[in-house]
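Visitor: Sequence first, then the predicted structure:
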Amino acid sequence: ADANVEAVVLTVDHNVATNQAEAQRAEESGGALFGNHLSVDGTETGIQLTRSLGDASFHRNGVVLAEPDLVAMDLGEDELFVVVGTDGLWDLYTNEEVVSFVLKALLDRGFLVGDGHGEDGSSVEESGAAAEAEGGVPEATAADEAVLEVCRLLEEDVLVRAKAKGQRPDDCALVIMTFEALQFRPQPQKLSTGL
């Protein structure tokens, strides 16, 4: 979407396929590895993840943990957004693909990178107040709805991509948080007359 936007990885994958330290920890806690999956006595299936909020039957003896790794990062003035997602997203997309998809979708829905001034020179605040005065949706609500729509679009794209790859889609949950460097500029609503 923008050559100047860079994906910054804030996490480490917690699965037995790519994280040897996690695989070893899970085995030492009583889990059994078979291929890229982890099994625990009393379960009939396998799991790839070694950290999970769900999958309670795999949490016996600490084989799978609900404890996250925490990362602290100082946000600079140029940080646009963060995407938090489950493995259902990250198993199908690279970090760069997610950033590109989300940035394009946000820009298409009225977000601006930079100082928030439009082509006409008006500020984000001025255009938001004008839209509200004309009976439009309040700016914060419209921005929230735009971000929620981008989440839905990405979730739908996960299903399409999984199907195209011949895979059964995994659970996909995601959150997108925008920061001050990404300003929302309400788009004029065009009403359809149906004629």
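Guide: All right, it came through fine.
Visitor: helices and strands of the chain: which one bottoms out on pLDDT?
Guide: When the helices and strands of the chain are compared on mean pLDDT, DSSP states H and E, helix 124-133 comes out lowest with a mean of 49.
Visitor: Which strands or helices does the longest helix belonging to the chain pack on?
Guide: Longest helix in the chain, counting residues (DSSP state H): helix 139-164. Contacts defined by 3 or more Cβ pairs under 8 Å, 6 or more residues apart in numbering; DSSP states H and E place helix 139-164 against helix 87-90, helix 95-108, helix 124-133, strand 174-178, strand 182-184. Using the backbone N, CA and C atoms, a C-beta is placed for each residue, glycine as well.
Visitor: Redo those as TSV? Include mean neighbour count.
Guide: Formatted as TSV, the helices and strands packed on helix 139-164 follow (neighbours: other Cβ atoms under 10 Å):
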stretch	mean neighbour count
helix 87-90	19
helix 95-108	17
helix 124-133	16
strand 174-178	15
strand 182-184	21
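Visitor: By mean pLDDT, show me the worst of the ones you listed.
Guide: Note on the helices and strands packed on helix 139-164: lowest mean pLDDT is at helix 124-133, with a mean of 49.
Visitor: Which helix or which strand is home to the residue positioned nearest the centre of the chain?
Guide: The residue lying closest to the centre of the chain (Cα atoms, centre = their mean) is Val83, at 3.4 Å. Assessed by DSSP states H and E, Val83 sits inside strand 81-85.
Visitor: Repeat that for Leu33.
Guide: strand 32-34.
Visitor: quick one: that strand to chain centroid distance?
Guide: Chain-centre distance of strand 32-34: 30 Å, with Cα atoms, centre = their mean, to the nearest Å.
Visitor: Neighbouring strands of it in the sheet, and parallel or not?
Guide: Strand 32-34 has the following sheet partners, assigned by DSSP bridges: strand 37-39 (antiparallel).
Visitor: Tell me how far the partner strand lies from the chain's centre.
Guide: Strand 37-39 has its C-alpha centroid displaced from the chain centroid by 26 Å (Cα atoms, centre = their mean).
Visitor: Stretch 69-79 now?
Guide: That offset, for stretch 69-79, works out to 16 Å (Cα atoms, centre = their mean).
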